[in-house]
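> Sequence and predicted model, in that order:
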Amino acid sequence: MESVLALVPRPLKQECAEGFFECDGIPGISGDGSFAEETGVFSGQLSARYGAVSGSPPQIMCAKDGAIPAEGYRLRVAANRIDLAAADGDGMYNGLQTLRQLFLSGDTGDVFVKNPQTHFAIPCVEIEDAPRFPWRGFMLDCSRHFYQVSFIKKLIDALSLHHINRFHWHLTDDQGWRLPVPEYPLLAEKASKRRNPYRQEEIYDEGFYTEDEIREVVAFAAARHITVVPEVDLPGHTVAALAAYPELGCTGGPYQVEYRHGVFEDILCAGNDRIFDFVAAVFDSLSRLFPGKYVHIGGDEAPTARWETCPKCRQRMTELKLNEPRQLQRWLTRRFVQMLTERGKTAIGWDEVLEGMNDSECTALPDDMIVMYWRSWMDKKLIVDAAAAGRSLIMTPCDQGAYINFRQVEDPDGPGAAYRSTTLQNSYEIPLVYPEMTEEQAKRVLGGQGNLWAEVINSAMNAEYMIFPRLCALAEAFWSPAAGDFAGFKRRLQVHQRRIDSLGFVQCREDS
Ligand SMILES: [Zn+2]
């Protein structure tokens, strides 16, 4: 067996040497001026675990090296010092997280460690590392279950330990609206509260993020080199918003925030211009609160049943000379993307936005819209054609490892949706490029993402159980050009899961 350290994701290249870097307490770190923020976060992470960073003179030296690839780093552990180099802050942060894993090995009972709380012995090694894909994402559904900011921050910190660099925040859906929009106060008052279907007077689930909380999450993620990608699902999955503002729907309501799961026919009325005022106010909120480049506008599962019979929608179709109601969604998507472009944002949508694209000028999908692929049970033609047309893609294949709301192990009492399974191996082997794609088409893939939908995940503890360790497998698939060795991954995971324990997470263990 080759000698590799139990790191997840597995670095591109590593060469183990004789001996150890040994220290009592956490040694001092020198950031050479360029990387003060990164080393500050790293020191905070280690002192949160082990107490104050004491050592001086510094023994961990961080330096800039412009020859190292973007987001990559070089880590050298020698007997008397540790050197980290990177071309940019992203790379330095990634290198520090690999080093953090080695320090966290102190909790794993690994052979390298003598006295976990005070004495560290890091094996001498030289690592050169860089990511396979620039988009390494994770999505949390905060509509079907409202997750507290404290949990989201704990999760984001752990994502960064795995070199995940996108947190996709699913903020709105039929079952609850969580985003503040000052011009529409009833979103907070009504759309964020789900009533008990049996006892209407009783609120069953509720929650709403304040602007300050969102800024706190965004800043916390930014310090960990994670971009927060907010999602507001449009024009479908909007029943919660309609419950607050029924005039935005085709029938005018009344509607109530959904307690059922599934796809609902009541969506934004494509014939009513007031929806554009609403969406503009939503996008203004997103622009104010999220400095990142990307906004996800959903676009999935929008039935046209209401549009077919709605006089305003029929009128709109006549004006636009559209033959079928489905084209109204493409027309809306195009408008929404233009509204985001005006605000300096790049739009992302689920793969339904591709359907029947380029069929007329007013419904063609803007070229710079990124598509997130999820309907992996369908013919691959849709996605291959999009890549061939030059569209950028993010791979989140639902039934091929990306959707971790399905159960990982057979456990009739465990959390998670039981009608399908996503095993650890499925997640590890998530296809990010399909064999149907040419080399040129494969270059359109920005990367991949794991998604945790929360219809049946009703607590942070259950979410953690669903996330770990499948997130570790996904992270390796997104990052490691050297991925593809599930047996080796499982061996490393035995050590790595104890690191995750030490950060206070609940995990699923296949052998428990
Ligand atoms: Zn309508």
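On my side now, so go ahead.

> State the distance from the closest residue to residue 428 other than its chain neighbours to residue 503.
Across the structure, with C-beta to C-beta, 6 or more residues apart in numbering as the measure, the residue nearest residue 428 apart from its sequence neighbours is residue 473 (3.9 Å). For glycine as for every other residue, the C-beta is placed from the backbone atoms N, C-alpha and C. To residue 503, residue 473 is 17 Å away according to C-beta to C-beta, to the nearest Å.

> Looking at those two, which is more packed in?
The residue with more neighbours, out of residue 473 and residue 503 and counting by other C-beta atoms under 10 Å, is residue 473; that gives 30 against 16.

> Distance check, that one against the ion.
For residue 473, the distance to the ion under the criterion C-beta to the ion, to the nearest Å works out to 44 Å.

> Quick check: that residue touching residue 423?
No. In this structure residue 473 lies outside contact range of residue 423 using C-beta atoms under 8 Å: 9.3 Å.

> about what we covered before: SS state for the residue nearest to residue 428?
helix (DSSP: H, G, I helix; E, B strand; the rest coil).

> what's the pLDDT at it?
According to the prediction, residue 473 has pLDDT 98.

> got it, and the one 5 residues further on?
For residue 478, the pLDDT comes out at 98.

> Equivalent analysis for residue 308, please.
pLDDT, read off for residue 308, is 97.

> what do residue 473 and residue 423 both touch?
Common contacts of residue 473 and residue 423, defined by C-beta atoms under 8 Å, 6 or more residues apart in numbering, are absent altogether.

> With residue 478 as the reference, measure out to whichever residue of the stretch 101-250 of the chain sits closest to the ion.
Per C-beta to the ion, the residue of the stretch 101-250 of the chain with the smallest distance to the ion is residue 250, at 3.3 Å. Separation of residue 250 from residue 478 (C-beta to C-beta) stands at 40 Å.

> So which of those two has more stuff around it?
For the pair residue 250 and residue 478, the greater number of neighbours falls to residue 478 (29 against 23), based on other C-beta under 10 Å.

> where in the stretch 301-450 of the chain is pLDDT low?
Counting by pLDDT under 70, the low-confidence segments of the stretch 301-450 of the chain come to 357-359.

> change it to 90
With pLDDT under 90 as the threshold, the stretch 301-450 of the chain has low-confidence stretches at 323-324, 355-364, 409-420.

> Show me which residues of it sit near the ion.
Contact residues (C-beta under 5 Å from the ion) of the stretch 301-450 of the chain with the ion: 310, 312-313.

> filter these to the buried ones?
Of all these considered here, the ones buried according to neighbour count by 16 or more other C-beta atoms under 10 Å are 310, 313.

> Which ones among the residues of the stretch 301-450 of the chain next to the ion map onto strands?
Of these, none are assigned to strands by DSSP state E.

> In CSV: the residues of the stretch 301-450 of the chain next to the ion, plus distance to residue 494.
Converted to CSV, these look like this (distance: C-beta to C-beta, whole Å):
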residue, distance to residue 494
310, 57
312, 60
313, 57
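
> Just the closest of the residues of the stretch 301-450 of the chain next to the ion to residue 75, please.
Comparing those against residue 75 with C-beta to C-beta places residue 313 closest, at 58.0 Å.

> Report pLDDT for the nearest residue to residue 189 once chain neighbours are set aside.
What sits nearest to residue 189 in space, not counting adjacent residues and going by C-beta to C-beta, 6+ apart, is residue 244, at 7.2 Å. Per-residue confidence for residue 244 comes out at a pLDDT of 98.

> so who does residue 244 touch?
Taking C-beta under 8 Å, 6+ apart as the test, what residue 244 contacts is 177, 184, 186-187, 189-191.

> try 10 Å
For residue 244, the contact set (C-beta atoms under 10 Å, 6 or more residues apart in numbering) comprises 177, 184-193, 255, 257.

> Make a ChimeraX selection of the buried ones in those residues.
A single ChimeraX command selects the buried members of the contacts of residue 244 (16+ other C-beta under 10 Å):
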select :177,184,187,188,190,191,192,193,255,257
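
> Export the contacts of residue 244 to CSV and append columns for distance to residue 332 and secondary structure.
Written out in CSV, the entries for those read as follows (distance: C-beta to C-beta, whole Å; DSSP: H, G, I helix; E, B strand; the rest coil):
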residue, distance to residue 332, secondary structure
177, 19, strand
184, 18, coil
185, 25, coil
186, 22, helix
187, 20, helix
188, 25, helix
189, 26, helix
190, 24, helix
191, 20, helix
192, 24, coil
193, 27, strand
255, 19, coil
257, 23, coil
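
> Surely residue 40 is in a helix?
Yes. According to three-state DSSP, residue 40 belongs to a helix.

> from memory it sits against residue 89, does it?
No. The pair residue 40 / residue 89 is not scored as a contact, 11.6 Å apart, by C-beta atoms under 10 Å.

> Of those two, give the one with the bigger neighbour count.
Under the criterion of other C-beta under 10 Å, the comparison of residue 40 against residue 89 puts residue 89 first, with 16 against 13.

> I figured residue 72 hits residue 88, correct?
Yes. Residue 72 is in contact with residue 88 according to C-beta under 10 Å; the separation is 9.0 Å.

> any residues in contact with both of the two?
Taking C-beta under 10 Å, 6+ apart as the contact definition, residue 72 and residue 88 share the neighbouring residues residue 94.

> Residue 3 versus the residue nearest to residue 428, what's the distance?
For residue 473, the distance to residue 3 under the criterion C-beta to C-beta works out to 22 Å.

> Residue 313 now?
Residue 313 sits 65 Å away from residue 3 when distances are taken as C-beta to C-beta.

> Now do stretch 148-156: distance to the chain's middle.
13 Å (C-alpha atoms, centre = their mean, to the nearest Å).

> Then stretch 346-365?
The chain centroid and the centroid of stretch 346-365 are separated by 23 Å, computed with C-alpha atoms, centre = their mean.

> Now do the end-to-end distance for that stretch.
One end of stretch 346-365 to the other measures 13 Å (C-alpha to C-alpha, to the nearest Å).

> Show me what stretch 406-415 is in contact with.
With contact meaning C-beta under 10 Å, 6+ apart, stretch 406-415 is reached by 398-399, 405, 416-427, 453, 456-459, 461-466, 468-470, 473, 508-512.

> In that stretch, which residues are buried?
Using 16+ other C-beta under 10 Å as the burial criterion, the residues of stretch 406-415 that qualify are 406-408, 415.

> would CSV of those residues with distance to residue 131 and secondary structure be doable?
Converted to CSV, the buried residues of stretch 406-415 look like this (distance: C-beta to C-beta, whole Å; three-state DSSP):
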residue, distance to residue 131, secondary structure
406, 27, strand
407, 29, strand
408, 25, coil
415, 31, coil
